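Q: next come a sequence and a model predicted from it.
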Amino acid sequence: MTHGRLDDIAAEIERVRERAFDQAVRLAEATGDNGVVRRYLGLPEADPVHQAPDHE
């Protein structure tokens, strides 16, 4: 495989990632569900957010 071919493959991978990100943004805007977006992108579930106690 030539160096130029590797550059072509790397460029195509980047284009796919950009399309996936654009689609993920649209999915987030449409659903408001970060879990759905994470699954779409093949990411693990997010850790739960722990709320700090209120100090009065």
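A: Good, I have the coordinates.

Q: output the lowest mean pLDDT helix or strand found in this structure.
A: Lowest on mean pLDDT, DSSP states H and E among the helices and strands of the chain sits helix 3-31, with a mean of 88.

Q: what helices or strands is that one leaning on?
A: helix 34-40 (3 or more CB pairs under 8 Å, 6 or more residues apart in numbering; DSSP states H and E). For the C-beta atoms, the positions are set from N, CA and C on the backbone; glycine is no exception.

Q: for the helix it packs on, which positions count as buried?
A: residue 37 (16 or more other CB atoms under 10 Å).

Q: CA atoms only for it - export them in CSV, please.
A: Extracted C-alpha coordinates of helix 34-40, given in CSV (Å, rounded to 0.1, in the frame of the first residue of the first chain):
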residue,chain,number,x,y,z
ASN,A,34,-27.7,12.0,25.6
GLY,A,35,-28.0,8.2,26.2
VAL,A,36,-29.3,7.7,22.7
VAL,A,37,-26.6,9.9,21.3
ARG,A,38,-23.9,8.0,23.2
ARG,A,39,-25.3,4.6,21.9
TYR,A,40,-25.4,6.0,18.4
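
Q: distance from it to the middle of the chain?
A: 8 Å (CA atoms, centre = their mean, to the nearest Å).

Q: and stretch 25-39, by the same measure?
A: The mean C-alpha position of stretch 25-39 is separated from the chain mean by 10 Å, CA atoms, centre = their mean.

Q: for residue 21, see how far away residue 45 is.
A: According to CB to CB, to the nearest Å, residue 45 stands 19 Å off from residue 21.

Q: ok, now residue 49?
A: Residue 49 is 23 Å from residue 21, by CB to CB.

Q: try residue 3
A: Residue 3 is 27 Å from residue 21, by CB to CB.

Q: which of the two has more residues huddled nearby?
A: Ranked by neighbour count (other CB atoms under 10 Å), residue 3 and residue 21 place residue 21 first, with 11 against 7.

Q: now do the same contact list for the closest residue to residue 31 other than its chain neighbours.
A: Nearest non-adjacent residue to residue 31, counting by CB to CB, 6 or more residues apart in numbering: residue 37, 7.6 Å away. Applying CB atoms under 8 Å, 6 or more residues apart in numbering to residue 37 gives the contacts 24, 27, 28, 31.
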